[in-house]
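Visitor: Here is the input, now give the coordinates:
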Amino acid sequence: MSVNTGSIQDYVRYVYIMSLVSALAMAVAVDYVLTELWIYGTADLTILVITPVFMFMLSMLVISSITMIKQLRGNFSKMTSRAKALMITYITFFIIALIYFTYVSIIHYAGLGLTISDPQLIGDHYLGFGLALYDAGLLTTSWQLIEDLLNGKLSSLYKFFIMMFKSQSSDDDDDTIIIK
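Guide: Numbers count the residues shown, from 1 in each chain. I've put the predicted structure just below:
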């Protein structure tokens, strides 16, 4: 029996998109902390720890789900009803387990209570202008990335990312796993 794993470039594209989403999530988390510091003079830094953990767990859930759906897409209709029930049970258990691990991880780090406080930063002009420029750059970058992804444009970073994972050999058997 052979299982087609798809092209490695598909998975590189998923990892690339999840990396962009993670970077944007981290940038928004930093913006939240700085804005909280500017408005209230105190900020909770726990979100800076939770965001990368959450994005990693979310990316594992997305990539695993896409892989399972790709594997089942062609062969699910050919399975017996018993095999279908077993496969649905397995997938449900796996997704629930990943969601539970994500929840447990977030709850674990949410209790850290890392705070920073400086009353002199409330309404500080320099911090406010810096936040305005930071937010403008964040908005522009987000807009450009979303536009590129929706229009199917490939950035030079994506092309470099693909070249890192591209196979050196011209052998196309890398896409098929044979199970005996």
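
Visitor: Residue 116 should be in a strand, yeah?
Guide: Yes. According to DSSP: H, G, I helix; E, B strand; the rest coil, the state of residue 116 is that of a strand.

Visitor: For it, which non-adjacent residue is spatially closest?
Guide: residue 43 (5.3 Å; Cβ to Cβ, 6 or more residues apart in numbering). Where you see a C-beta, it was placed from the backbone N, CA and C, and this is true even at glycine.

Visitor: who's in contact with the host helix or strand of the one you found?
Guide: Per DSSP states H and E, residue 43 falls inside strand 42-44. Counting contacts by Cβ atoms under 8 Å, 6 or more residues apart in numbering, the residues outside strand 42-44 that touch it are 33-34, 36-37, 113-118.

Visitor: ranges for the strands of the protein?
Guide: 2-4, 42-44, 115-117, 176-178 (DSSP state E).

Visitor: any idea which of those scores lowest on pLDDT?
Guide: The minimum mean pLDDT among these belongs to strand 2-4 (a mean of 47).

Visitor: picking up where we left off before, adjacent strands (with direction) for the strand holding residue 43?
Guide: strand 115-117 (antiparallel) (DSSP bridges).

Visitor: Show me what the strand it pairs with is in contact with.
Guide: Against strand 115-117 from outside (Cβ under 8 Å, 6+ apart): 37, 41-45.

Visitor: now swap in stretch 55-74 and tell me
Guide: 3, 6, 11, 14-15, 18, 21-22, 25-26, 87, 91, 94-95, 98-99, 101-102, 105.

Visitor: Give me the buried positions along that stretch.
Guide: Buried positions in stretch 55-74, judged by neighbour count with 16 or more other Cβ atoms under 10 Å: 55, 57-59, 61-62.

Visitor: Dump the residues you listed into JSON lines; add pLDDT as well.
Guide: Shown next, in JSON lines, are the buried residues of stretch 55-74 (pLDDT from 0 to 100):
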{"residue": "55", "pLDDT": "90"}
{"residue": "57", "pLDDT": "87"}
{"residue": "58", "pLDDT": "87"}
{"residue": "59", "pLDDT": "86"}
{"residue": "61", "pLDDT": "85"}
{"residue": "62", "pLDDT": "84"}
